[in-house]
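In: sharing a model prediction with you, sequence too.
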Amino acid sequence: MRIKVINPNTTASMTAKIGAAARAVAGPGTEIIAVNPECGPVSIEGHYDEAIAAAALLEEIRKGEADGVDGYVIACFGDPGLLAAREVASGPVLGIAEAAMHAASFLATGFSVVTTLGRTKIIAHHLAKSYGMAPFCRNIRACELEVLALEDERSDARRIITEECRRARDEDEAGAIVLGCAGMADLAKAIEREIGVPVIDGVTVAVKFVEALVACGLATSKHGDLAYPIAKTFTGLNGMSVARS
Ligand code: 2AL
């Protein structure tokens, strides 16, 4: 099967890291197509970034449909454009926040999210509530690290994130940690070894959940609100249409 993993920011080094994490867990029959859009923010750190990035992400879903992709992962912790992506896609679409939070709820009675900038905490909070994960979510913590610091080897990101995860374990009594950025995908196992509780990177668990759903022959419901978008003209957006033949 083919799973398209979309990093909705335009930073290619982060896409490569996300693709490597996805391939490390993908089954032998699974091809991972890791992409980022050409247009949009270099990092997603707020509602505005998410709104702009979502349009380009949906274009990647449209292309994936034309290419016969079986399922998708939205590799940004705000899960931008998730429900719109499900309207466009026939196969399953999972966001990394929803995948990671659900995985954490299977492994512990409570988890804390450790994310980048404080201003993104409200996004994770809203997601936990809308996914029904609030009862499991002990806390949402920020490291005050910009997303692109995760791409800079000179930043002290790994140490700072590890220490915040350790505080989450001890101060929140979190049985598991959910990493709050796709750019942290390469850190999960090292942090887990250091602090001794499950540390969940959403990219890897989302890939395995999509794989499982496709293997079970399950696809996105086209009954009701997730039906394909209504074919219509999008004024000023050349060639944009989701009409299916
Ligand atoms: C993210 C993420 O996963 N990718 C990105 O650009 N921003 N989320 C976050 N909370 O920093």
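Out: Received it, and whenever you're ready, just let me know what you need.
In: where's the closest residue to Ala56 other than its chain neighbours, which helix or strand?
Out: Excluding the flanking residues, the one nearest Ala56 by Cβ to Cβ, 6 or more residues apart in numbering is Pro37, at 3.4 Å. Where C-beta positions appear, they are placed from N, C-alpha and C, glycine not excepted. For Pro37, there is no enclosing helix or strand under DSSP states H and E.
In: go on, Ala21?
Out: Going by DSSP H and E, Ala21 is part of helix 12-25.
In: briefly note if that helix comes near the ligand.
Out: No. Applying Cβ under 6 Å from any ligand atom, one finds helix 12-25 out of contact with the ligand, separated by at least 7.0 Å.
In: how far away is Ala22 from Leu94?
Out: 12 Å (Cβ to Cβ, to the nearest Å).
In: what touches both of those two?
Out: Counting by Cβ atoms under 8 Å, 6 or more residues apart in numbering, the shared contacts of Ala22 and Leu94 are Val73.
In: can you pull out the low-pLDDT segments for this structure?
Out: Filtered on pLDDT under 70, the chain yields the residue ranges 238-245.
In: if we go to 50?
Out: 245 (pLDDT under 50).
In: which residues of it lie near the ligand?
Out: 9, 43-45, 76-78, 115-116, 120, 147, 180-183.
In: buried only: go through the residues you listed for me.
Out: Buried by 16 or more other Cβ atoms under 10 Å: 9, 43-45, 76-78, 115-116, 120, 147, 180-183, out of the residues of the chain next to the ligand.
In: elements contacting the helix or strand encompassing Tyr48?
Out: Secondary structure from DSSP H and E places Tyr48 in helix 47-66. Judged by 3 or more Cβ pairs under 8 Å, 6 or more residues apart in numbering; DSSP states H and E, helix 47-66 is in contact with strand 2-6, strand 71-74, helix 82-88.
In: what comes up buried for the longest one?
Out: Yep, that's helix 82-88 we're talking about. Applying 16+ other Cβ under 10 Å to helix 82-88 flags Leu82, Ala84, Ala85, Arg86, Glu87, Val88 as buried.
In: Val199 against Leu179, yeah?
Out: Yes. With contacts counted by Cβ atoms under 8 Å, Val199 reaches Leu179, the gap being 6.5 Å.
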